Structures are given as structure tokens and as C-alpha cells.
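Trainee: Please find the sequence and the predicted model below.
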Amino acid sequence: MRKLSLKSLLLTAVLGGGTLSSPAFAQEAEEEAKAITLSGSAAIVSDYRFRGISQTDKNFAVQAGLTASHESGVYVGVWGSSIDDYVAAGGDQEIDLIAGFKKSIGDTTVDVGAIYYFYPGAEQLLPGYNSDFAEFYGSVTQAIGPVSAKLAAAYAPSQSALDYGFGKEDNFYMNFGLSGTVPDTGLGLSAGVGRTFTRSFLSGGIKYTDWSLGATYTTGPVTLGLSYVDTNKAGFNPISGKNIYKGGVVGSLSVAF
């Protein structure tokens, strides 16, 4: 993570006699810039799993994200991943536009916001097809020593992109997870279980449970990850015939900046 600074820009404006030449304005602008933090990451994963379901037909994916956070708790971000053809009518990208508010009170952290899932190119390959949808989310995380317990929920209101033949379905999902680190080792452990309570295109038209167990090793900005992800249902890619709900090991290599 790094702080966003406009010092050089302000200095240039002052020396050039621009509109930012007022010392009071310059100081206020720099203080505001220091209140904003930019963070990002880039990763390669052996399989992109979304709530237990493979989005890449159990193949590799390239992912990256960038977030701007204000000290007030407000943040905006963008995250993207490569996907397989069956996810969005032949489109090969997922881009998530994110806005939210996150605040810690003691050892408790509350996070609420919304995500717009955008699949560029899907409409061009299948005219009139609507693949994009919006979802609201919220979570509460409680730190207990080196361990964190997190309860999260996500709700996508009824919209045409979630239609699976039952009308404009909605989608409701909950997840409970535990994570922690082994002091002075760089090792992290995690476990989680989730439940999709409604039928929609997002869930493949079924209600199901997913779970995962994982471990990470972090050194500097680099993190290596290995996890096992599974569900209690079966569902098949109509193109390849693979069971994209079936359990599997997922490896990852990510870099934070």
C-alpha cells in the first residue's frame, strides 16, 4: 500500500503561477491527498472459483484490482478477471466496479457496499443478451487474537441477467469464514462455508452449499496460495462437459502494490 501524494503537482502549479498558487489551498489539497490511500494487486490463479463454481472451466485466470480508500472509510475500486465462454455468452472478461464503506471499531470491522458486474463483449457476440448485474454486500469481521471470524452476505435484486427460466430471479448468498496467521512465519490459514439460498443464473439455477480450506505464504508483497474448493452439487459446462461445481485444488501467485 502507498499514500497518494500531489506534492509535485502542487509545486509545479505554484511555480508556474497557476490557480493553485494560494498556500492555504495548496496545503488543504495536499492534506486531502494524504487522506487517500491507493492499493492494488495482480494475480495468476489456476482456477477462478466464484462461490465454489469455476468461472474458467478449471483453467488458469489472470486477475488484477485497484482500490482508492479515504480515511473516512469510503472506498471505490475496480477488479477484473479472465473468464470462460459459458459465463457470459462468449465474453472473456469480468470487470467489477465497487463502492463501499468500511470502518473498524475496536476489534470489529463493518464493511458494506455494492458491486456492478460488467462482462464486456457479451452483447456483441449475442445481440440483446444482458449479462451485467448489480449486487449489494455487507460483512462483519471480529478479530480474536491472531484469528478473524467473518460473516458476510450478498444480495442481487431481481434483474434480467439473473433469469434462469423462472422469471427475473434474485440471488441471496451468505458465507462464514475463519482466517488467521501463524506469528513470525508468513503463513496464513483459512476456512469457509457458504450457502446460496435462491435459484438464478448466478447459481446455475440451483440452491447449493460451497466450502473451502486454504493456506498462504507471504513474503514482502508476494503471496503464494493453495486451497481446496468444493460444493455439494454438480453442474456442467455445456461446451466442454466438465463438472464446474466439482471440488479441486486452486493455486495462486499474487503481488500487492
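Mentor: That came through, no problem.

Trainee: I'd say F118 and N130 touch.
Mentor: No: F118 sits out of contact with N130 when judged by Cβ atoms under 8 Å, with a separation of 11.5 Å. For every residue, glycine as well, the C-beta is placed using N, CA and C.

Trainee: Quick check on those two: which one has the bigger neighbour count.
Mentor: More crowded of F118 and N130, by other Cβ atoms under 10 Å: F118, with 19 against 16.

Trainee: Please list all residues in contact with that one.
Mentor: Going by Cβ atoms under 8 Å, 6 or more residues apart in numbering, F118 touches E94, I95, D96, L97, D132.

Trainee: If it is in a bridge, with which residues?
Mentor: Here F118 sits in beta bridges with I95, going by DSSP bridges.

Trainee: circling back: considering the contacts of F118, which possesses the most neighbours?
Mentor: Going by other Cβ under 10 Å, E94 tops those with 22 neighbours.

Trainee: And stretch 193-206, end to end?
Mentor: 17 Å (Cα to Cα, to the nearest Å).

Trainee: where does the stretch 51-200 of the chain dip in pLDDT?
Mentor: Along the stretch 51-200 of the chain, the model assigns pLDDT under 70 to residues 124-126, 167-168.

Trainee: can you map out the strands along it?
Mentor: Taking DSSP state E, counting those that start in this stretch, the strands of the stretch 51-200 of the chain run over residues 53-54, 61-70, 74-82, 93-105, 108-118, 133-144, 147-156, 171-182, 187-196.

Trainee: Most tightly packed of the ones you listed?
Mentor: strand 53-54 (a mean of 24; mean count of other Cβ atoms under 10 Å).
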